[in-house]
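**Student:** Next one to model:
(one chain, ligands or ions: 2)
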Amino acid sequence: MAFFSHQVCRGFSSSAVRNVVIKHVTIIGGGQMGAGIAQVAASTGHSVTLVDTNEDILKKAVKGIEGNLKRVVKKKFADKPEAGEEFIQKALQNVSTSTDAGSVVRDSDLVLEAIVENLKIKQDLFGGLDKLAPAHTIFASNTSSLPITDIASSTNRLDRFGGLHFFNPVPVMKLVEVIATSATSQETFDSLLNFSKKLGKTSVSCKDTPGFIVNRLLLPYIMEVIRMYERGDGSKEDIDIAMKLGCGYPMGPFELADYVGLDTVKFIMDGWSAANPDNPVFAQSELLTKLVAEGKLGKKTGEGFYKYK
Ligand SMILES: CCCCCCCCCCCCC[C@H](O)CC(=O)SCCNC(=O)CCNC(=O)[C@H](O)C(C)(C)COP(=O)(O)OP(=O)(O)OC[C@H]1O[C@@H](n2cnc3c(N)ncnc32)[C@H](O)[C@@H]1OP(=O)(O)O
Ligand SMILES: NC(=O)c1ccc[n+]([C@@H]2O[C@H](COP(=O)([O-])OP(=O)(O)OC[C@H]3O[C@@H](n4cnc5c(N)ncnc54)[C@H](O)[C@@H]3O)[C@@H](O)[C@H]2O)c1
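**Tutor:** Ligands and ions are numbered 1, 2, ... in the order given. Coordinates of the predicted model:
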């Protein structure tokens, strides 16, 4: 079935396609992306439950959300401080946290995961929640690179499963890639599009192909960056400067890698290497492997390609 992001569904009258109105969202994974998605969903009137494995991570996530809301308010309510404070408090009141996903999905219209980029862990998570979430609940993944079809395969709600691929940092980046598998129902797809719109995002429609749209184009670029650096054709500083000034990118590739997280970058690249074993462009990078093995994951650990402390 072809999916049309902004056209009337082919073969459906609007009355026939009943969208699930997404009001309560459970977001699993309170890291960079999950916390950012929670911030945007909460500040656009959705009730959000943010789930992670322990309370310390959740406390840090909520503190980060509050800090980033202050950055938003500094611009949005520059001359109305009281209104700004009210905006922050209302958004924070929309956020609750839990370390037990199973106990909170009962009230969810959407369960969105932003956990570690590992297929089996994502499958196990959704496989368990499939038995606990209501029949109408939509499941979605924020994965950068894994097939949504494969993630969904551990559930019995293939028609109510899609992808919502946000970009980092979520409060700033306008784009969301909305991904339909061959089994995603039109109703589910439309609900995900409507949810993205209510978040204030601009969505594009994607098929469940490797890297969807952006990463399909970004990864080969990234892999060439690594080869160039390993050949000694340029320093990481000069490569970053060149791409910022030469292509107008806000960040150079090494800055971006440190920003995204080298663990996530490695998970993604290892997946591409495994899927393209004969393509030298996607061969694993010894440099990236070494940095991750040393725990140098970029901004989130204080050192990656660059030092941040
Ligand atoms: C191994 C070597 C090879 C390289 C590998 C490269 C990695 C890529 C691999 C693929 C990974 C895929 C990951 C994922 O699937 C897809 C993605 O998400 S790709 C990443 C997309 N994002 C980007 O490209 C980000 C580019 N950078 C920027 O847009 C900006 O640099 C920035 C991050 C917005 C920061 O802007 P700056 O001007 O530099 O700094 P400021 O701090 O002043 O921020 C500007 C402006 O934005 C507001 N702001 C910033 N962050 C937040 C936040 N988290 N919440 C709220 N507001 C925020 C800030 O207040 C500023 O506002 P202003 O006051 O200036 O109006
Ligand atoms: N970092 C980016 O720029 C970016 C952008 C778009 C999409 N993504 C994707 O989003 C996902 C998360 O990326 P991130 O950068 O936020 O990672 P992160 O490491 O910052 O956060 C992941 C969080 O998930 C938690 N977690 C792991 N397993 C869990 C489980 N079973 N149950 C509950 N919580 C669990 C971890 O404790 C951690 O807090 C990945 O799939 C990644 O590919 C990342």
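**Student:** what about stretch 142-151, distance to the chain center?
**Tutor:** In terms of CA atoms, centre = their mean, to the nearest Å, the centre of stretch 142-151 is found 11 Å from the chain centre.
**Student:** which residues touch that stretch?
**Tutor:** 29, 33-34, 37, 112-114, 117, 119, 122-123, 126, 141, 161-166, 179, 181-183, 208, 210-211, 215, 219, 264, 267-268, 271-272 (CB atoms under 8 Å, 6 or more residues apart in numbering). Where C-beta positions appear, they are placed from N, C-alpha and C, glycine not excepted.
**Student:** Can you flag the buried ones in those residues?
**Tutor:** Among the contacts of stretch 142-151, those classed as buried by 16 or more other CB atoms under 10 Å are 29, 33-34, 37, 112-114, 117, 119, 122-123, 126, 141, 161-166, 179, 181, 183, 208, 211, 215, 219, 264, 267-268, 271-272.
**Student:** restrict these to those near ligand 1?
**Tutor:** 215, 268 (CB under 6 Å from any ligand atom).
**Student:** quick one: contacts for residue 25?
**Tutor:** Neighbours of residue 25 in contact, by CB under 8 Å, 6+ apart: 41, 46-49, 108-112.
**Student:** what element comes up after the helix or strand containing it heading to the C-terminus?
**Tutor:** Per DSSP states H and E, residue 25 falls inside strand 24-28. Downstream of strand 24-28, the next assigned helix or strand under DSSP H and E is helix 32-43.
**Student:** now the angle between strand 24-28 and the helix or strand just after that following helix, please.
**Tutor:** Counting by DSSP H and E, the next helix or strand C-terminal to helix 32-43 is strand 47-51. Going by axes from the mean of the first three to the mean of the last three CA atoms, to 10 degrees, strand 47-51 is angled at 20 degrees with respect to strand 24-28.
**Student:** Would you mark the buried spots in the helix or strand following strand 47-51?
**Tutor:** Using DSSP H and E, the helix or strand that directly follows strand 47-51 along the chain is helix 55-76. If you call a residue buried by 16+ other CB under 10 Å, then helix 55-76 has these buried ones: 57-58, 61-62, 64-65, 68-69, 72-73.
**Student:** Show residues contacting helix 55-76.
**Tutor:** Contacts of helix 55-76 (CB under 8 Å, 6+ apart): 30-31, 34-36, 38-39, 42-43, 50, 52, 84-85, 87-88, 91-92, 95, 97-99, 169, 171.
**Student:** filter the residues you listed to the buried ones?
**Tutor:** Buried, going by 16+ other CB under 10 Å: 30-31, 34-36, 38-39, 42-43, 50, 52, 84, 87-88, 91, 95, 97-98, 169, 171, out of the contacts of helix 55-76.
**Student:** Of the residues you listed, which are in range of ligand 2?
**Tutor:** Checking the buried ones among the contacts of helix 55-76 against ligand 2 (CB under 6 Å from any ligand atom), the matches are 30-31, 34, 52.
**Student:** can you give me the angle the strand holding residue 25 makes with helix 55-76?
**Tutor:** Using the same axes, to 10 degrees: strand 24-28 against helix 55-76 is 120 degrees.
**Student:** Contact residues of the stretch 1-150 of the chain facing ligand 1?
**Tutor:** 68, 71-72, 75, 144.
**Student:** Out of the residues you listed, which comes closest to ligand 2?
**Tutor:** Nearest to ligand 2 out of those is residue 144 (CB to the nearest ligand atom; 3.4 Å).
**Student:** which residues touch the residue in the chain that ligand 2 sits nearest to?
**Tutor:** Closest contact between the chain and ligand 2, by CB to the nearest ligand atom, is at residue 31 (1.9 Å). The contact partners of residue 31, by CB under 8 Å, 6+ apart, come to 52, 57, 61, 114-115.
**Student:** can you check residue 153 too?
**Tutor:** With CB under 8 Å, 6+ apart, residue 153 has these contacts: residue 123.
**Student:** Residue 171 now?
**Tutor:** Counting by CB under 8 Å, 6+ apart, residue 171 has contacts 36, 39-40, 68, 71-72.
**Student:** And the furthest pair within those?
**Tutor:** 40 and 71 (12.9 Å; CB to CB).
**Student:** ok so, going back, make JSON lines out of the buried residues of helix 55-76 and add pLDDT.
**Tutor:** Output for those, formatted as JSON lines (pLDDT from 0 to 100):
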{"residue": "57", "pLDDT": "98"}
{"residue": "58", "pLDDT": "98"}
{"residue": "61", "pLDDT": "98"}
{"residue": "62", "pLDDT": "98"}
{"residue": "64", "pLDDT": "98"}
{"residue": "65", "pLDDT": "98"}
{"residue": "68", "pLDDT": "97"}
{"residue": "69", "pLDDT": "97"}
{"residue": "72", "pLDDT": "94"}
{"residue": "73", "pLDDT": "95"}
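**Student:** filter these down to the ones near ligand 2?
**Tutor:** residue 57.
**Student:** what's the closest of the buried residues of helix 55-76 to residue 249?
**Tutor:** Of the buried residues of helix 55-76, the one sitting nearest to residue 249 (CB to CB) turns out to be residue 68, at 22.1 Å.
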